[in-house]
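Novice: sequence unavailable; structure follows:
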Ligand code: NI
């Protein structure tokens, strides 16, 4: 099935580019993807799919029923944009001030729509069903959770998805088995002291000095308490306290992000951080409250599903197109699907053919995408689904 997937996706190239550029011009923030969802609905029209709208916000679940019985394979794309002012100067740059498709979810949406159109055209060769998940609100880690809650995975045996990668040349694909992306948790810390005159510190309890010590102390959680062979990051991204230069404030508020690369370490982190925060605050006569909010687990690819993606890529593009995925502590809420059912997430190269390693990265105001990746993405997702629905067990 590799050859027809490659040929048909190539024939779709112009419409894929046009669709993606339209979304790029009109980016929508998480939970506000109404126009994007409407455009997807137009694209799905006439394909004969069973469609559920407003699944997990503006998400769409569309199911293609093949000609015979078989498993349900899910393919997923995210649709939301970011609160970033675009600075690419492209003729189809964002027309919405302060909002940009800087993570390429416009391309992911175009690719999944293309895969739906391609697979609908070969329905008579599919034993089973393909469920297309157009997911909202990935950037705020809400969409996948809501989709699962709304039943999007019911009856699904495997799920596949991709993310474009501008620092990998278009035409290349990066894959790996097991852990590929980090777990994400948010921490909020409230340090409570006692306000007072800046010139009379002994009458107050200074939460700013305690908060400063906590920021420094948290770094030792990573350097002194966790094996150097176990990746972890604790970043404090905001620290707010006080209004006046000569007043000791009553409290300090900190927030941050915690990343790990193993489920076990992710589970250990709240206790480690709680002890450090509480202990340091106590040493400075303050009280501290730590709130640890798990957002996404470690993204772990199923070994068999990863092999299936690799075999699909090799059949389409040749093994020379494939490289091992470098681990990253960036998070992705596709990880939540993989907690429920086996599947595989992979990187689709979207960078320039030469010097991709120097390209602007995801979430950068100058981020751009090599549109050559669109038809390749369509062919890989379609071939992966079709391969599993060939009636003979696939690869
Ligand atoms: Ni993204």
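Specialist: Sure thing, it's come through. These numbers were taken from a predicted model, which means no experiment stands behind them.
Novice: quick one: the helices in the stretch 151-300 of the chain?
Specialist: Along the stretch 151-300 of the chain, the stretches classed as helices by DSSP state H, counting those that start in this stretch are 207-225, 263-283.
Novice: and residue 113, which of those helices is closest to it?
Specialist: Closest to residue 113 of these is helix 263-283 (CB to CB; 33.4 Å). The C-beta positions use only the backbone N, C-alpha and C, and glycine is treated the same way.
Novice: can I get the helices of the stretch 151-300 of the chain in CSV including distance to residue 359?
Specialist: Output for the helices of the stretch 151-300 of the chain, formatted as CSV (distance: least, CB to CB, whole Å):
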stretch, distance to residue 359
helix 207-225, 29
helix 263-283, 31
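Novice: dump the residue contacts of residue 111.
Specialist: 16, 77, 162, 348, 374, 377-378, 381 (CB atoms under 8 Å, 6 or more residues apart in numbering).
Novice: what kind of secondary structure is it in?
Specialist: helix (DSSP: H, G, I helix; E, B strand; the rest coil).
Novice: and for the nearest residue to it once chain neighbours are set aside, the neighbour number?
Specialist: Using CB to CB, 6 or more residues apart in numbering and skipping residues adjacent in sequence, the residue nearest residue 111 is residue 377, 3.8 Å away. Residue 377: 29 surrounding residues under other CB atoms under 10 Å.
Novice: shouldn't residue 377 be within a helix?
Specialist: Yes - counting by three-state DSSP, one finds residue 377 located in a helix.
Novice: in this structure it contacts residue 161, no?
Specialist: No - contact between residue 377 and residue 161 fails when scored by CB atoms under 8 Å: they sit 10.3 Å apart.
Novice: for stretch 285-298, which residues meet the burial criterion?
Specialist: 286, 288, 290, 295-298 (16 or more other CB atoms under 10 Å).
Novice: from residue 55, how far out is the residue nearest the centre of the chain?
Specialist: With distances taken as CA atoms, centre = their mean, the residue of the chain nearest its centroid is residue 332 (2.8 Å). For residue 332, the distance to residue 55 equals 19 Å [CB to CB, to the nearest Å].
Novice: which non-adjacent residue is nearest residue 214?
Specialist: residue 280 (5.1 Å).
Novice: between which two of the contacts of residue 111 is the distance greatest?
Specialist: Pairwise distances across these (CB to CB) peak at 14.2 Å, for the pair 16 and 162.
Novice: so those two - more neighbours on which side?
Specialist: Neighbours per residue (other CB under 10 Å) separate residue 16 from residue 162, with residue 162 holding more: 27 against 23.
Novice: which residue packs closest to the more buried one, ignoring adjacent ones?
Specialist: Distances taken as CB to CB, 6+ apart put residue 348 closest to residue 162, at 4.7 Å, once the chain neighbours are dropped.
Novice: circling back to that earlier point, so which of the helices of the stretch 151-300 of the chain is nearest residue 119?
Specialist: helix 263-283 (33.3 Å).
Novice: quick check: buried residues in the closest one?
Specialist: For helix 263-283, a neighbour-count test (16+ other CB under 10 Å) marks 265-266, 268-270, 272-274, 276-278, 280-281 as buried.
Novice: ok, stretch 112-131 next?
Specialist: So stretch 112-131, judged by 16+ other CB under 10 Å, has buried residues 112-120, 122-123, 125-126, 128-131.
Novice: mind listing which of those are in strands?
Specialist: 128-131 (DSSP state E).
Novice: and of those residues, the nearest to residue 60?
Specialist: Distances from residue 60 to these, taken by CB to CB, are shortest for residue 131, at 10.8 Å.
Novice: buried residues in stretch 210-223, which are they?
Specialist: 210-214, 217-218, 221-222.
Novice: tabulate these (TSV), appending distance to residue 312.
Specialist: Conversion of the buried residues of stretch 210-223 to TSV gives the following (distance: CB to CB, whole Å):
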residue	distance to residue 312
210	54
211	51
212	52
213	52
214	48
217	48
218	43
221	41
222	38
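Novice: pick out the most distant pair among the residues you listed.
Specialist: 210 and 222 (20.1 Å).
Novice: can you name the farthest residue from the center of the chain?
Specialist: residue 200 (49.4 Å).
Novice: which pLDDT value belongs to that one?
Specialist: pLDDT, residue 200: 96.
Novice: distance check, it against residue 357.
Specialist: Residue 200 is 56 Å from residue 357, by CB to CB.
Novice: repeat for residue 193
Specialist: Residue 193 is 47 Å from residue 357, where distance means CB to CB.
Novice: please apply the same query to residue 302.
Specialist: Residue 302 sits 29 Å away from residue 357, going by CB to CB.
Novice: look at those two and report which has more neighbours.
Specialist: residue 302 (17 against 10).
Novice: need the contact list for that one.
Specialist: Contacts of residue 302 were listed using CB under 8 Å, 6+ apart, and they are 158, 177, 338, 342-344.
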